[in-house]
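Engineer: sequence and predicted model, in that order:
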Amino acid sequence: MVIDFHTHIFPDEIRNNREKYFFSEQSFELLYRSSNSKMTGVDEIIESMDKTGVDMSVVFGFPWNSTETYEKHNDYIIDSVSKYPDRLRGFCCFDMFNENASNEVERCIEKGISGVGELAVYRSGIDDEALKKLEPVMGICFKNDLPIMIHTNESLGHNYAGKTPVTLDQIYKLIKSFPENKIVLAHWGGGIFFYNLLKREMKNTLKNTYFDTAASPFLYDSNVYRFAMDIVGRGKILFGTDYPLLNPDRYFKEFESIGLEENDLEYICGKNAAALLKI
């Protein structure tokens, strides 16, 4: 089974009226002002999955500031999963600074959500204030044994829309603050997986941390998959495309180009995700 652990879908109302949200949602404007920033709906992702051989996708929306908007978007995710229960699993998403965030997690759990994410702080790093806001959400996820996905990125290299000022120290403190939570760090965790080579502390710190491959062809040399397996093990890597930013075929070509073994691909592309999602 091939599971894409990182995809975004939007309801038609948002897709067809994106400018309406720019004034009050600065992070959304940052990522989606350009007409080249793709937005897709549930039927389109199912069509893409059929074409590319993806059996199941984890779908989520955007970390909206507005309670009304994120409730509407999360309801769309829940309805999409209900429409395609054998093909989709849904995560709920919101601005972690919203005072109703923990209530939204509880509401979505009652409706069958499978996790939380992709949570992001696009205009600041994951500082102490952000960690404090995350505490109740992390507590609910731990209590219900649900994974939570956090947007991270490398702190060096070229700039791009959506690249946050997060640091490796902040990512490390995030993991240390919630050691028992199942945390998925998007976009290779900004490269923090490399420090699993340290002899002290790090291996235990990262014991419940997973790394997805979202946007990897834009960010890393294709050998990153092999290096990551050597450093953290194939059991900690989750195939994620960031669809519709990138198509699954782009990743499959990279896997083939570096000659990843079939057994390794089974874990990266499906088994690890299935275990986290309790499939």
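Structural biologist: Yep, that arrived.
Engineer: how about the strands in the stretch 151-279 of the chain?
Structural biologist: Remark: strands assigned in the stretch 151-279 of the chain by DSSP state E, counting those that start in this stretch are 183-185, 209-212, 237-238.
Engineer: would a markdown table of those with distance to Cys93 and mean pLDDT be doable?
Structural biologist: For the C-beta atoms, the positions are set from N, CA and C on the backbone; glycine is no exception. Below are those laid out as a markdown table (distance: least, Cβ to Cβ, whole Å; pLDDT from 0 to 100):
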| stretch | distance to Cys93 | mean pLDDT |
| --- | --- | --- |
| strand 183-185 | 13 | 98 |
| strand 209-212 | 15 | 98 |
| strand 237-238 | 17 | 98 |
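Engineer: what's in contact with the helix or strand harbouring Glu44?
Structural biologist: According to DSSP states H and E, Glu44 maps onto helix 42-52. Contacts of helix 42-52 with the rest of the structure, by Cβ atoms under 8 Å, 6 or more residues apart in numbering, involve 4, 7, 9, 40, 54-57, 59, 76, 80, 83-84, 87-88, 243-244, 247-249, 252.
Engineer: now do 6 Å
Structural biologist: Contact with helix 42-52 is made by Ile9, Ser80, Tyr84, Pro248, Asp249, as judged by Cβ atoms under 6 Å, 6 or more residues apart in numbering.
Engineer: adding distance to Leu156 and pLDDT, write those out as a markdown table.
Structural biologist: Shown next, in a markdown table, are the contacts of helix 42-52 (distance: Cβ to Cβ, whole Å; pLDDT from 0 to 100):
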| residue | distance to Leu156 | pLDDT |
| --- | --- | --- |
| Ile9 | 31 | 98 |
| Ser80 | 36 | 98 |
| Tyr84 | 39 | 98 |
| Pro248 | 28 | 98 |
| Asp249 | 29 | 97 |
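Engineer: widest-spaced pair of the residues you listed?
Structural biologist: Farthest apart among the contacts of helix 42-52 by Cβ to Cβ are Ser80 and Asp249. That separation is 22.5 Å.
Engineer: of those two, give the one with the bigger neighbour count.
Structural biologist: More neighbours surround Ser80 than the other of Ser80 and Asp249, with 22 against 14 (other Cβ atoms under 10 Å).
Engineer: for the record, mean pLDDT for the helix holding Glu44?
Structural biologist: For helix 42-52, mean pLDDT rounds to 98.
Engineer: just the pLDDT at Lys182, thanks.
Structural biologist: pLDDT at Lys182 comes out at 98.
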